[in-house]
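[1] Here is a sequence with its predicted model. Questions after.
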Amino acid sequence: MRNKVTKAIFPVAGLGTRFLPATKSVPKEIMTLVDRPLVQYAIDEARAAGIKEFIFVTSRGKNALEDYFDHAPHLEADLIAKGKDKLLEVLQSTNMDSGEIAYIRQHKALGLGHAVWCARRLVGEEPFAVILPDDVIAADKPCLQQMIECYEETGGNMVAAMEVPADKASSYGILDVQEDMGSLVSVKGMVEKPQPGTAPSNLAVIGRYILSPQILRNLENKETGAGGEIQLTDAIARQIGSETDGVYGYRFNGQRYDCGSKAGFLQATVAFGLDREDLRDDLAAYLNEVVAARKAAQ
């Protein structure tokens, strides 16, 4: 029987320089998308997929992130005293129980592979998930849940994948597909940020992974790859061709927003705002006014 995936790593050590000056004092991961921080979307997705242990790889200056998941007894007491039961319910849904969440420091920014490797002792010899909070995915069934359901049939290593325009391929890890089975593809190669015109496909790796403990052993050598960093895709690529621990790409159903970029963050804000019944009408009316005013000015 295959081991269940109950642990997830959240690499959140980045400095968020693309969002300066906001990230001078506020970790990017708790910047709000509508009314929830980015990291809350990742946590909710992980919980829906059955994750029980949450491992955050952080760095200096991320104390606000740790405080976010702590209980806030004074705030809860104030909401109770004022009879604000709905707000209290929302607040309590963000709490993490003792022992459910752990924090590991990445002391040097050596790449995503290194960040994942930092959590090796907490992962042990179990399969685990990796979620990049910058990639927010809107889906009827959460992306990681889709992947875990497929993983239970395939085992091995699995990466979320989506098709990207050819001129954007050099910004991603790209899959070289051996067999295309629809939602699932078997992989014969992976290239991190290929040079323009050299990508083996337009199927890009997105920030969701289900990995075997062998990946952590592959990272032990700390070999650098693209950009002089320790790349997670390189460690995964070493398992290609393994009879028991191969590599698959999973085309998820959903819309991915790159909230590591300002444009992507704004797009996600509009999309998630329009999806909210309490915001939809006012926001749609405003957007229509903006579009009409721009057309009139042309």
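    It's in.
[2] contacts and neighbour counts: CA atoms only from here.
    Fine.
[3] which residues are contacting the helix or strand hosting Phe265?
    Here Phe265 is covered by helix 262-274, with elements defined by DSSP states H and E. Residues from elsewhere that reach helix 262-274 (C-alpha atoms under 8 Å, 6 or more residues apart in numbering): 18-19, 33-34, 136, 257-259, 279-281, 283-284.
[4] Narrow those residues to those that are buried.
    Phe19, Leu33, Val136, Tyr257, Asp258, Cys259, Arg280 (16 or more other C-alpha atoms under 10 Å).
[5] Out of those residues, the closest to Asn95 would be?
    Asn95 lies nearest to Leu33 out of these, by C-alpha to C-alpha, at 18.4 Å.
[6] Identify the spatial nearest neighbour of the closest one, chain neighbours not counted.
    Thr269 (5.7 Å; C-alpha to C-alpha, 6 or more residues apart in numbering).
[7] Touching, Trp117 and Glu220? I think so.
    Yes: Trp117 is within contact range of Glu220, at 7.5 Å (criterion: C-alpha atoms under 8 Å).
[8] just to revisit the earlier point, including secondary structure, distance to Pro73 and pLDDT, could the contacts of helix 262-274 go into CSV?
    Shown next, in CSV, are the contacts of helix 262-274 (DSSP: H, G, I helix; E, B strand; the rest coil; distance: C-alpha to C-alpha, whole Å; pLDDT from 0 to 100):
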residue, secondary structure, distance to Pro73, pLDDT
Arg18, helix, 34, 88
Phe19, helix, 31, 86
Leu33, strand, 25, 92
Val34, coil, 24, 92
Val136, strand, 30, 96
Tyr257, strand, 34, 95
Asp258, strand, 34, 93
Cys259, coil, 31, 94
Leu279, coil, 29, 94
Arg280, helix, 33, 93
Asp281, helix, 35, 94
Leu283, helix, 34, 95
Ala284, helix, 37, 95
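[9] Now the two most distant members of those residues.
    Greatest spatial distance in the contacts of helix 262-274: Arg18 and Asp281, 31.2 Å, computed using C-alpha to C-alpha.
[10] in the lowest-mean-pLDDT helix or strand in the chain, what's buried?
    When the helices and strands of the chain are compared on mean pLDDT, DSSP states H and E, helix 63-68 comes out lowest with a mean of 82. Within helix 63-68, the residues scored as buried using 16+ other C-alpha under 10 Å are Leu65, Tyr68.
[11] Packing partners of that helix?
    Packed against helix 63-68 by the contact rule (3 or more C-alpha pairs under 8 Å, 6 or more residues apart in numbering; DSSP states H and E) you find no helix or strand.
[12] hmm, try it at 10 Å
    helix 38-48, strand 53-58, strand 101-105 (3 or more C-alpha pairs under 10 Å, 6 or more residues apart in numbering; DSSP states H and E).
[13] hey, where'd the strands end up in the stretch 101-250 of the chain?
    Per DSSP state E, counting those that start in this stretch, the stretch 101-250 of the chain carries strands over the ranges 101-105, 128-131, 135-138, 157-163, 173-180, 184-192, 203-211, 247-251.
[14] between those strands, which one is nearest to His71?
    Using C-alpha to C-alpha, the strands of the stretch 101-250 of the chain put strand 101-105 closest to His71, at 12.7 Å.
[15] and for the closest one, what are the contacting residues?
    Contact partners of strand 101-105, identified using C-alpha atoms under 10 Å, 6 or more residues apart in numbering, comprise 7-13, 52-60, 62, 66, 69-70, 115, 118-119, 122.
[16] Buried by neighbour count, from those: which ones?
    Buried subset of these (neighbour count, 16+ other C-alpha under 10 Å): 7-13, 53-59, 62, 69-70, 115, 118-119, 122.
[17] pLDDT score for Arg208?
    According to the per-residue confidence, Arg208 scores 95 in pLDDT.
[18] hang on, it packs against Leu132?
    Yes: taking contacts as C-alpha atoms under 10 Å, Arg208 lies within contact range of Leu132: 6.6 Å.
[19] Hmm, Val159 and Ser212 touching each other?
    No: Ser212 is beyond contact range of Val159, at 11.7 Å (criterion: C-alpha under 10 Å).
[20] which neighbours do those two share?
    Residues touching both Ser212 and Val159 by C-alpha under 10 Å, 6+ apart: Ala129, Ile236.
[21] Could you check which of the two has the larger neighbour count?
    Comparing Ser212 with Val159 by other C-alpha atoms under 10 Å, the one with more neighbours is Val159, at 27 against 23.
[22] Great, nothing more from me.
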